[in-house]
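Participant: Below are the sequence and a predicted model; questions follow.
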Amino acid sequence: MKIQSIHTRVVRARYRRPFVISSGVSPELISLVVELRTEDGASGFGEASPMTAYTGETLAGVEAAVTGHAGPVLIGRDARDIAGAHAAMDTAIRGQHLAKAALDLALHDLVARSAGWSVSHLIGGPVRTRVPTAWVVGLGTLPEMAEEAARYAERGFGHIKVKGGADPARDVELVRAVRKAVPAAVELSLDANEGYAPGVAEHVCARLADEGLDLIEQPLPRWDLPGLSAIRGRGGLRVVADESVQSLHDALEVVRRGAADVLNIKILKLGGLHRARQAAAVAEAAGVAVKVGTMPELGVATLAAVHLAAALPGAGVAPDLVGPLLVEHDPLAAGAFAGVEERGWIPVPAGTGLGHGLS
């Protein structure tokens, strides 16, 4: 099953309303779709959605890395040797995790489709047949955010994540408003996207806990592991490390420093399913919980996150799988997410590959 060629195309989908986080505003979700074809005519698809303010990688840079560096070293290789593919890509180019992730997803999709398996079976087997997803509320006015949180909690979403980080005092008011608007059983998290200054983070997080917040995601800059550990040490909130986990080695350092209760494992930022599973194994060995995140992405990469969340016993925090629900139309796998917005969970595709339906 030797890889013969690589093909790429750019797809765009407008957000229903601009997606706003503390680092910027995105009017549309842009993805690079990668297709790998073998000598016998089989194919597999991957996706990367660059979020430049978050990862530092651009669409043009990801495509150049796929077509000019990481991709060419896969030509002539057996698609089933995924670990070997990563070794070859890492030799060809340092970093460029999004490019490697797109190729990794295409490899997993190709191998699973050729074997007649789903990707979740390929990576160890699903421990759950459906995956609950958090609803992610982008920045807006406090009434708008509280109303959106209440609406999706009523539909069955058991975990609501709100975006914050730009103004700590406002975040306290936001959490107070959202907690009043949703049932007590709904788990509530706030993603600060590295927005808090080291001198105020501990005090703010204590206040957030008093207002009913359950988890705080990346309150401090990604390099401040001692600060994250100090927040965690005070109790009251579970600390989620996201930007601090950009690689397998980062995951090891976060657990070694005791800097997080939960690792947010995003397939694209880590370089694909292969690396994501390795990071999850580090977390499991350390007794640290896992959350499967997205950046967000369209249907192909989001489906990969569904399969990963289904196959990880330690994925105990609801993943963020809402990318296809935030856009007007997902051009890649719209059917796979039909009805999710009304029930709060996603069935794990039981067909072959990732379950996107592309050909």
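Facilitator: Structure received.
Participant: So what touches whichever strand or helix holds Gly84?
Facilitator: Using DSSP states H and E, Gly84 falls within helix 82-92. Contacts to helix 82-92, defined as Cβ atoms under 8 Å, 6 or more residues apart in numbering, come from residues 69-70, 72-74, 77-79, 100, 103-104, 107-108, 111, 271-272, 274-275. Any C-beta I mention is one placed from the backbone N, CA and C, and that applies to glycine too.
Participant: Identify those among those residues that sit within strands.
Facilitator: Assigned to strands by DSSP state E, none of those qualify.
Participant: Alpha carbons only: can I get stretch 234-251 in CSV?
Facilitator: This file holds the C-alpha atoms of stretch 234-251, laid out as CSV (Å, rounded to 0.1, in the frame of the first residue of the first chain):
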residue,chain,number,x,y,z
ARG,A,234,-4.8,26.3,46.0
GLY,A,235,-7.7,24.0,45.0
GLY,A,236,-11.2,25.0,44.1
LEU,A,237,-10.6,24.8,40.3
ARG,A,238,-9.3,22.2,38.1
VAL,A,239,-6.6,23.6,35.8
VAL,A,240,-6.5,22.7,32.1
ALA,A,241,-3.3,23.1,30.2
ASP,A,242,-3.8,23.9,26.5
GLU,A,243,-1.2,26.3,25.0
SER,A,244,1.3,24.8,27.4
VAL,A,245,0.9,21.4,25.6
GLN,A,246,2.3,22.0,22.1
SER,A,247,4.3,18.8,21.8
LEU,A,248,4.8,15.4,23.4
HIS,A,249,7.7,16.8,25.4
ASP,A,250,5.5,19.7,26.7
ALA,A,251,3.0,17.1,27.9
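Participant: name the element Ala310 belongs to?
Facilitator: helix 299-311.
Participant: just Arg17 next, same as before
Facilitator: If you go by DSSP H and E, Arg17 is part of strand 3-21.
Participant: Could you pick out the longest helix of the protein?
Facilitator: Of all the segments of type helix in the chain, defined by DSSP state H, the longest one is helix 97-115.
Participant: on that earlier part again, packing partners for the strand holding Arg17?
Facilitator: strand 24-38, helix 59-65, helix 323-326 (3 or more Cβ pairs under 8 Å, 6 or more residues apart in numbering; DSSP states H and E).
Participant: And the average pLDDT for the last one is what?
Facilitator: The average of the pLDDT scores along helix 323-326 is 94.
Participant: Gly56 - how many residues pack around it?
Facilitator: For Gly56, the neighbour count with other Cβ atoms under 10 Å is 12.
Participant: Verify the contact between Ser229 and Arg256 for me.
Facilitator: No: counting by Cβ atoms under 8 Å, Ser229 does not reach Arg256; the two are 10.3 Å apart.
Participant: which one of the two has more residues nearby?
Facilitator: Relative neighbour count places Ser229 above the other of Ser229 and Arg256, with 15 against 11, counting by other Cβ under 10 Å.
Participant: ok, Arg232 to Pro183 distance?
Facilitator: Going from Arg232 to Pro183 by Cβ to Cβ, to the nearest Å gives 27 Å.
Participant: out of these two, which sits in the busier spot?
Facilitator: Between Arg232 and Pro183, counted using other Cβ under 10 Å, the more crowded position is Arg232 (20 against 10).
Participant: Chain neighbours aside, what residue packs nearest to that one?
Facilitator: Val239 (4.4 Å; Cβ to Cβ, 6 or more residues apart in numbering).
Participant: what kind of secondary structure is that neighbour in?
Facilitator: With DSSP: H, G, I helix; E, B strand; the rest coil as the basis, Val239 sits in strand.
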